[in-house]
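Novice: I need the structure of the sequence given here:
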Amino acid sequence: MRRVRRTGTAVLATAAALAAAAGTAVAASPRARVGSAPPLPQSARLGGPLAHSARVDLTVSLAGRDPLGLARLAQAVSTPGSPEYRHYLTVRQFADRFGATPAQIAAVTRTLRADGLSVSPVSANHLMLGVSGTAAAVENAFATRLNAVRTADGRRAYADRRAPTLPVSIAGDVDAVVGLDTLYRPQADQVVRNARPLAEPLARRSIADVATGGPQPCAAATGTSANPNIGGYTADEIQAAYNFSGLYAAGDFGAGQSVAVYELEKVRRSDLAAYQACYGTHARITYVNTGRPTFGADDAEAALDVEQIVGLAPDVHVIVYQAPDNFSVGVRQFNKIVSQNRARTVSISWGLCEAKITFGRRDLSIVRTEAKIFEEAAVQGQSVLAASGDTGSAGCENELDSTRLAVQDPASQPFVTGVGGTTLYTEYNGEPALWNPSLGETMLQAVWNDGELKTSRGVQAAATTGGLSTLWAMPRYQRRAAAGLGVVNAYSSGRPCRSSHDCREIPDVSADGDPATGYVVYASAGPNHTWTSEGGTSAAAPLWAALTAEADALPSCRRASLGFENPSIYKLAAAPGNFADITGANPLTGAANNDAVGKNHGLYPVTPGYDMTTGLGTPNAAAVAAGLCALRAPVYTVTIKAPDHHYVLLHRRVRLRFRGTDSGGQRLHFSARHLPRGLRLSRHGVLHGRPRKAGRYHIRITARDYATNRATISFRLVVLRHRRHRHHTHHRRRHHVAR
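Specialist: Take a look at the predicted model:
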């Protein structure tokens, strides 16, 4: 379905004025808006025009086809019980069905190149073009003006001061133009070097390693050698906390699976090598660059993301997608991960508060562009997990200095699993301390809310982000969750997202994220230049990515991808033993909510069942993985009934139906081998066509359901030489009449 072009009397009437104001040669062409001009952040200073020779990198999102059909299919392939459940598309199939048409791609490309811009080949899913050029060419192409801006933190940026437009002939083929400003950059969802770490006596740390069957740390990581005050959990302790040992006992270390890690900074390969040398792991790690990624002053974020996965799922293939911290390139990198489709699992620890990405709700083009990408991931069978954020229920506090209730994108996206943070600890001499499983101590879990802390970044809210989306209505998997989970509760509302239903609630799940009970990683660019402890929901998202990869690797999943997990996760949460429900107050602050700034009336509190602090809770990894596979690949009995008729005539039309039953009531798809030339078997079991050669054929008919259950039968088909038989009969009839 071709998208209706955004034209109209008002647009046409103002086209000449827009062009004249831009002072370019585009005055003759009627134009339509394709976005909005961003508001300047507080304390930002507007400078003069951006130098005409300055290079500008943009991402142009194409409208594609049938957006409503895509959203419906993304839901259907992810929902247990749906006829389309797990009937995934390839990237090529997606492009042919939902991507922009070749004519649309050619028209947009031709127009932009005519305006002096460089345009890269369209992405494999036919949804995105990389565009670059001088500021002068960009201003000409989009009839706008780019101005230099100095942000409050002293960073040099630029912004378009007039809404971008394109000729009406192609404006309807473009959903968004990303990169006309560099005011806002995605943030790593990570709070490091907490001012109040939980100390652990060295005598307790020096106890023997935790026997989990998984990777074990060297002395340098445990804090028993050069750096005794690391103050965090090693991978074996996290394995024990969340029962990864149950997966290891089954021989599951993630072999055969790939995890894509989304990074907006460059990771130091030497750091990952040092971590693997310590743990004795040999995970394959490859790197894909988008744009020109650079090393930051501190690579702790990227090191944390990758090392967390390697320490928990040591046999996975980790694909690190690296890009500069640039919003335009970052969106292009989302698209690259999904359109390349090299990994079943995607881990994201970067985000922006919703108000920032929508310019205060006035422009939804960018979040809709992202939504399309994540819907594609769902219909291709990819699982996307994203950190929910580290500023509590005031999700924009550290970005816009706003203490209002807010959540972060992309964790708030309906087809992303948002991962929140908890505090993992024990009581030692009446005080909270790091939990040491080798001592048989009781493991305690609580909401992560450390209030506002003085950190290396200044005063910072430090708590798990969660709450109500201002953009998305509550998805079906939350709306129809078991009533006992309490997903629809006293804090649910449709007001912030302006919906007749309630709004999307975040997070979906959680894991340890408190920097006071953080994760031991090797990050040479940090202040310690060695082993250090990091925290934030950045750590929780890759933990869930590792769990997902190991679930995909289980034999009971039968090589079938889990895909978008939320419908299955909410289903599993209704049964005991899969999740630990978090209801405890934070041991450091006594807060039983995620109101880190203390200005939102205690929203949102921890409650039994689901809450907007820790979601459904933390995982029992072995049980959750087994449960996901049981939903993904249940064992059903398939039977096939062959037609009674075994004889067909040469060159005559054939139509025979094979019927099948599935004990789970699932739809069956048929296939065949050794068919006579001229005959085909449809996916629905109908043998049709015209046979071209006489003879006896032993055909093998297979019927299979989405869960890879199947049955195969042999069917004997005899093709008779019809013409000879007819001639012989006619001759006999004539002879009989003559007599």
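Novice: from now on I want contacts and neighbour counts done on CA atoms only, so please keep to that.
Specialist: OK.
Novice: from the middle of its chain, how far away would stretch 330-342 be?
Specialist: Offset of stretch 330-342 from its chain centre (Cα atoms, centre = their mean, to the nearest Å): 10 Å.
Novice: quick one: contacts of it?
Specialist: Applying Cα atoms under 8 Å, 6 or more residues apart in numbering, the contact partners of stretch 330-342 are 59, 91, 123-125, 128, 130, 178, 258, 260, 262, 264, 290, 321, 323-324, 343, 346, 370, 373-374, 376-377, 380, 382.
Novice: which of the residues you listed fall within helices?
Specialist: Mapping the contacts of stretch 330-342 onto helices (DSSP state H) picks out V91, E370, I373, F374, E376, A377, Q380.
Novice: what's the farthest-apart pair in the residues you listed?
Specialist: V91 and E370 (16.6 Å; Cα to Cα).
Novice: what number of residues lie near the closest residue to P167 other than its chain neighbours?
Specialist: Of all residues not flanking P167 in the chain, R31 sits nearest, at 4.2 Å (Cα to Cα, 6 or more residues apart in numbering). Using other Cα atoms under 10 Å, R31 has 28 neighbouring residues.
Novice: and R31, how far from L166?
Specialist: R31 sits 5 Å away from L166, going by Cα to Cα, to the nearest Å.
Novice: and G179, how far is that from A157?
Specialist: For G179, the distance to A157 - Cα to Cα - is 11 Å.
Novice: please say which of those two ends up with more neighbours.
Specialist: Per other Cα under 10 Å, whichever of G179 and A157 has more neighbours is G179, with 24 against 18.
Novice: that one: what's it in contact with?
Specialist: By Cα under 8 Å, 6+ apart, the contact set of G179 is V56, D57, L58, T59, N326, F327, S328, V329.
Novice: next, L247: phi, psi?
Specialist: Main-chain dihedrals, L247, degrees, to the nearest 10: phi -70, psi -40.
Novice: quick check: it touching F253?
Specialist: Yes. Using Cα atoms under 8 Å, L247 is in contact with F253, at 7.3 Å.
Novice: what residues are shared contacts of the two?
Specialist: Common neighbours of L247 and F253, using Cα under 8 Å, 6+ apart, are E550.
Novice: residue boundaries of the helices in the stretch 501-650 of the chain?
Specialist: 537-553, 566-573, 621-632 (DSSP state H, counting those that start in this stretch).
Novice: low pLDDT regions in the stretch 401-550 of the chain?
Specialist: 455-458, 526-529 (pLDDT under 70).
Novice: from T548, how far off is V624?
Specialist: In terms of Cα to Cα, V624 sits 9 Å off from T548.
Novice: these two: which is more packed in?
Specialist: Each of V624 and T548 has its neighbours counted (other Cα under 10 Å); T548 has more, 29 against 21.
Novice: so that one sits right up against A626, yeah?
Specialist: No. Using Cα under 8 Å, T548 is not in contact with A626; the gap is 10.6 Å.
Novice: where do the strands sit along the stretch 201-350 of the chain?
Specialist: 232-233, 258-263, 284-289, 317-322, 345-348, 350-353 (DSSP state E, counting those that start in this stretch).
Novice: the nearest residue to A300 once chain neighbours are set aside bridge partners, please.
Specialist: Excluding its sequence neighbours, the residue lying closest to A300 (Cα to Cα, 6+ apart) is A523, at 5.3 Å. With DSSP bridges as the criterion, A523 is bridged to T530.
Novice: from L385, how far out is A523?
Specialist: A523 is 23 Å from L385, by Cα to Cα.
Novice: show me the chain divided up by domain.
Specialist: For the chain, automatic domain parsing gives the domain ranges 9-58+99-173, 188-198+218-628, 638-738.
Novice: out of those domains, which is closest to Q75?
Specialist: Short answer: domain 188-198+218-628, nearest of the domains of the chain by Cα to Cα, at 7.9 Å.
Novice: picking that back up, of the strands of the stretch 201-350 of the chain, which stretch is the most buried?
Specialist: Highest mean neighbour count among those (mean count of other Cα atoms under 10 Å): strand 345-348, with a mean of 29.
Novice: neighbouring strands for that strand, and are they parallel or not?
Specialist: Strand 345-348 is paired, per DSSP bridges, with strand 258-263 (parallel), strand 383-387 (parallel).
Novice: now mean pLDDT and distance to G231 too, for those, in CSV please.
Specialist: Output for the strands paired with strand 345-348, formatted as CSV (pLDDT from 0 to 100; distance: least, Cα to Cα, whole Å):
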stretch, mean pLDDT, distance to G231
strand 258-263, 98, 25
strand 383-387, 98, 22
